[in-house]
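Fold the following, please.
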Amino acid sequence: MGGASVAAAAGLSPREARAAAPEVRVRVERRTVEVGRPFSVEVEVKSDDRGRVQDPGDPIMPDLPGLRISFRSSGMSRSMSYRNGLMSSETTRTFVYNVTALRPGVYPLKVGVDDGGKVLFAKEVPSVTAEGAAMPTATAAAGVQGSRGQTPSVGGQAPSKERLGQEVFTQLVANKRRAYVGEAITVQWEVWQRVTANIEVDMLPVFKDFYTIELSAGEALEQFVGGRQWRVHPAVRRILFPQKSGILEIGGGSLTVAPTAGFGLFSRPRGRAFAVRGEPVKIEVLPLPATDQPPGFSANNVGSYSLSVEIDRTDVEEGEALTATFTIAGDGNLKVFDPGEWPTPKGMRSYPPKEKFEQRIRDGRVYGVREFEVLYVADKAGAAALPVKKIHFFDPERERYVVSESARTLITVRPRAADGPARDAADPREAERSVEATNTNGAEDQAGELSSVLGTSSLQRGEERRAWLTDKRWKRGMLLAPGVGIAALSIAAMGRRMRPSERKLEARRHRGQARRLLTRARAGVESGVDFEASLGALVQAAAVRKAGDDAVGLERGRLLEALRGAGCPDTEVALVGATLDACDAARFGAVARDPADRRRLLSDVEALLASWGVV
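The predicted model follows:
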């Protein structure tokens, strides 16, 4: 009976006839293999396209602990035939895998495919016998890996069984869930898919309350997990530094997935698009320990660092200069590291350092080098010494405060040499005049020797040209010029009076910025959101403006000294220093403040800024 007759006997039209179930075949390179030596397995899936709603899924490989399976390649072919007035189409997809036995034994390769929610297995299940000694534990533990031998998950966290049952899902992987304020955390946002689909990112993960450094995410990897082949996209990879203590949450992001069927030119939509939302990750952030904390410790000094110093010369003459290069290097967020004050030898004066900074990523960790070139000028002869410079930081791995210090260096300052006898050189200006006189005389002599002897009667005379500037025009111009000049000066003066000066414009910009920061600080009094950051930025900007242009870029201690030099009383200087320290302590989790403390601090700052004329 023909295909059309079978369809008619079933009461269906040829177009409504149900497609035959997919056919799965498994071929192995050899049935007896050696442990640790890879062999290939080929899976062929044939499906009848007639009446089929969707193509069968990718092969479901056996999840056997003694086997390591990785995807190698795939291909597809399609054939069409016309028989008994009925058009039929058949698709053949071929998948090739690399399989390695990790220990001896017999392994049945039971392979299936998902056909509309029902798993169909191959009729023939080949078995492979592995012989030889078992592989080392470290090598066998790497069984679940990508096709390039890389594990895309940062922390080695395998997805849950619930996620592996989905077609597409996302996950956030962090290398640690518990860290100190300022400690580095590596996070990767991955998109896993096991079906062909068009994927659009709706929202990336949200890294609020973290200082972030973006890393290269890398390429997509093929990964075999849970008996299925997955394509893992490391979409976002960052290094995070928590800026406050508590339970901090990283948003999971969201996707829109539009499934497709077929490959290449034969691709077509399959079903409706659906949304995928990632689960957020919570990080427990601990405040820096108060025990053994050095006085005035900065919460930015978290990591592992070392300090060294190099001096370009140790023997100078009085009045000469030398350069000391202090180098801080190590793992951590060195860009915001606070080195503190730089030492100055007795009998010398120093100038603000010239800074160089270099940062690079090494093995997923931030490594930085900061150099500070400090210029010293010897003011007094004699023996001097560059004092020991110390830096304090908190090492999160050892969970304690550490000190690194530079070496003490001796410097010899020789007395200034006596001035030498004056040189018997003539005045350079007299020499120039003598040279000019010589050149002039030479030119006159040369002109006298070469000039032709002609009488006045033999010279040709041209017609006399009438001058444009007549007496009448001269008088008219002299009368009009003062009036034009006075009018121009009047217009310029009027323009200057009507236009605000640059100083007023700059003051207006500073007042506008101060009002915005003050508004944000007032809004965060009750909740604490952005209160310390806004108030600290406001006080810092006002103090720099009060101290003058020379205070730009100064460290906190020097800034306070500049305020005293500008005539500010000690009470105001103390309030500025206490406010900045309090904002840093509350912002980085060392001290927690309640709304009452914030209101009192804001009131003191408002009174100070009002006395300075800032707001």
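
ok, which stretches of the chain are helices?
With DSSP state H applied, the chain shows helices at 3-9, 137-140, 161-164, 428-450, 471-498, 502-523, 531-547, 556-565, 570-587, 595-612, listed in chain order.

Spatially nearest residue to residue 195 (excluding sequence neighbours)?
Nearest in space to residue 195, with sequence neighbours left out and distances taken as Cβ to Cβ, 6 or more residues apart in numbering, is residue 167 at 4.6 Å. In short, each C-beta sits where N, CA and C put it, glycine included.

Tell me, how many residues neighbour the one you found?
17 (other Cβ atoms under 10 Å).

That one contacts residue 196, correct?
No: counting by Cβ atoms under 8 Å, residue 167 sits too far from residue 196 to count as a contact (9.8 Å).

Need the residues touching each of those two.
Overlap of the contact sets of residue 167 and residue 196 (by Cβ atoms under 8 Å, 6 or more residues apart in numbering) consists of residue 259.

how about low-confidence regions in this protein?
Per-residue confidence for the chain (pLDDT under 70) gives these ranges: 1-19, 49-55, 82-85, 87, 137-158, 262-267, 418-465, 499-501, 587-593.

can we see that at 50?
Segments of the chain classed as low confidence (criterion: pLDDT under 50) are 1-17, 53, 138-139, 141-156, 420-459, 590.

looking at the helices of the chain, which is closest to residue 341?
With Cβ to Cβ as the criterion, residue 341 lies closest to helix 556-565 of the helices of the chain, at 5.9 Å.

Give me the buried positions along that closest one.
Taking 16 or more other Cβ atoms under 10 Å as the basis for neighbour counts, the residues of helix 556-565 that come out buried are 556, 559, 560, 562, 563.

How many residues are close by residue 136?
Residue 136: 10 neighbours (other Cβ under 10 Å).

Start at 267, not 1
Sure, I'll start numbering at 267, so the last one becomes residue 402.

Any figure for the gap between it and residue 302?
From residue 402 across to residue 302, the span is 10 Å (Cβ to Cβ, to the nearest Å).

now do residue 291
Note on residue 291: its distance to residue 302, by Cβ to Cβ, is 27 Å.

And residue 379, by the same measure?
Residue 379 sits at a distance of 29 Å from residue 302 (criterion: Cβ to Cβ).

Between these two, which has more neighbouring residues?
Set side by side, residue 379 and residue 302 show more neighbours around residue 379, with 24 against 18, by other Cβ under 10 Å.

Grab the nearest non-local neighbour of the more buried one.
residue 322 (4.5 Å).

Can you give me the distance of the one you found to residue 481?
With distances taken as Cβ to Cβ, residue 322 is found 38 Å from residue 481.

of the two, who's got more company?
Between residue 322 and residue 481, counted using other Cβ under 10 Å, residue 322 has the larger neighbour count: 24 against 17.

any idea how far the more buried one is from residue 768?
Distance from residue 322 to residue 768, by Cβ to Cβ: 74 Å.

who's in contact with residue 308?
With contact taken as Cβ under 8 Å, 6+ apart, residue 308 is in contact with 292, 293, 294, 360, 361, 362, 363.

wait, doesn't the last one sit right on residue 335?
Yes: here residue 363 reaches residue 335: they are 5.5 Å apart, a contact under Cβ under 8 Å.

Need the residues touching each of the two.
Counting by Cβ under 8 Å, 6+ apart, the residues touching both residue 363 and residue 335 are 307, 327, 490.

How many residues are close by the last one?
Under the neighbour criterion other Cβ under 10 Å, residue 490 is assigned a count of 23.

So what pairs up with it in the strands?
When bridges are called by DSSP bridges, residue 490 pairs up with residue 495.

What distance do you get for residue 604 to residue 804?
Between residue 604 and residue 804 the distance, using Cβ to Cβ, works out to 20 Å.

Compare those two (neighbour count), which wins?
Neighbour comparison, residue 604 and residue 804: the larger count goes to residue 804, with 26 against 16 (by other Cβ under 10 Å).

so what's that one closest to, chain neighbours aside?
Sequence neighbours aside, residue 783 is the residue nearest to residue 804 in space, at 4.0 Å (criterion: Cβ to Cβ, 6+ apart).

Burial check on that neighbour, number of neighbours?
22.

can you pull the contacts of it?
With Cβ under 8 Å, 6+ apart as the criterion, the residues that contact residue 783 are 800, 801, 803, 804, 807.

how does it look with 6 Å?
If you count contacts by Cβ atoms under 6 Å, 6 or more residues apart in numbering, residue 783 has them with 800, 803, 804.

Between these, which sits nearest residue 568?
For these, the closest approach to residue 568 (Cβ to Cβ) belongs to residue 803, at 21.6 Å.

Neighbours of that closest one, how many?
With neighbours defined by other Cβ under 10 Å, the count for residue 803 comes to 17.

Spatially nearest residue to it, not counting backbone neighbours?
The spatially closest residue to residue 803, leaving aside those adjacent along the chain, is residue 783, at 5.7 Å (Cβ to Cβ, 6+ apart).

Ok, residue 516 next?
Closest residue to residue 516 apart from its sequence neighbours, by Cβ to Cβ, 6+ apart: residue 547 at 4.7 Å.

Tell me how many other residues crowd the one you found.
Look at residue 547: counted by other Cβ under 10 Å, it has 19 neighbours.

does it really touch residue 517, like I thought?
No: Residue 547 is not in contact with residue 517 according to Cβ atoms under 6 Å; the separation is 8.8 Å.

all strands of the stretch 467-616 of the chain, in order?
Shown for the stretch 467-616 of the chain, the strands assigned by DSSP state E, counting those that start in this stretch span residues 476-480, 487-491, 494-508, 512-516, 520-527, 534-535, 540-543, 547-552, 569-577, 581-583, 587-598, 614-616.
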